[in-house]
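Engineer: coordinates for the following, if possible.
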Amino acid sequence: MSAGEELNELKERAEKAHEEKGLAPVSMTMAVAAVLVATISLLGHRAHTEEILLQNKTTDEWAYYQAKNLRLNNLQALDEVMGALEGKNEKAEQVQKHFEADIEKYGEEKNEIQKEARGLEDELRHETRRANRFDLSEVFLEISLVVTSITLLTGRKQYWMLGIALAAAGIVVAFTVLLLR
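Structural biologist: Numbering: from 1, shown residues only. Got it, this is the predicted structure:
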């Protein structure tokens, strides 16, 4: 069947649905499902955008942690070298005290950065779960739309009922996002 023939067939089915008032609730169900698909799709896209932003922040935080850790390791090595020098003079002792102060500072900063990075990882996992729920909800709603449209083609109400059940499942999955912690 060519594209033109398919278009004519769909047009005839639409006219038939318009003539048969019993199919009006099916058309309304499809319209509602289409709106829900659009809404859930938008929420899913926003969740995925937030997920990407959090992934970038998390990566940046771990890179910052690694930089501080590298600096700390370098200072510890230099401190050991300073301690190994024989016949320390006053300048060497000052430099060693400076290294020891920096080592303590970098150690504390490193721990704070690590805590922040782990917190960002937790946020990222939460956002990933949200995005996945929206995606699953969207799938249920899209399948609902297709199954419900089969009612217009066949005139069998069981497809309409199945479409409503799938739409309800999609709505429930979308609302479970609110239950995520």
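
Engineer: ramachandran angles for Arg156?
Structural biologist: Reported as degrees, to the nearest 10, the phi and psi values for Arg156 are phi -90, psi 120.

Engineer: need the longest helix for this structure.
Structural biologist: The longest helix of the chain (DSSP state H) is helix 90-154.

Engineer: which is the next helix or strand following it?
Structural biologist: Following helix 90-154 in sequence order, the next helix or strand is helix 157-175 (DSSP states H and E).

Engineer: can I get the CA coordinates of that next one in CSV?
Structural biologist: Extracted in CSV, the C-alpha atoms of helix 157-175 (Å, rounded to 0.1, in the frame of the first residue of the first chain):
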residue,chain,number,x,y,z
LYS,A,157,-13.5,-1.7,22.9
GLN,A,158,-11.0,-4.1,24.6
TYR,A,159,-8.2,-2.2,23.0
TRP,A,160,-9.6,1.0,24.5
MET,A,161,-9.7,-0.6,27.9
LEU,A,162,-6.1,-2.0,27.5
GLY,A,163,-5.0,1.5,26.5
ILE,A,164,-6.6,3.0,29.5
ALA,A,165,-4.9,0.5,31.8
LEU,A,166,-1.5,1.2,30.2
ALA,A,167,-2.1,5.0,30.5
ALA,A,168,-2.9,4.4,34.2
ALA,A,169,0.3,2.4,34.6
GLY,A,170,2.2,5.3,33.0
ILE,A,171,0.6,7.8,35.3
VAL,A,172,1.4,5.7,38.4
VAL,A,173,5.0,5.3,37.3
ALA,A,174,5.3,9.1,36.8
PHE,A,175,3.9,9.7,40.3
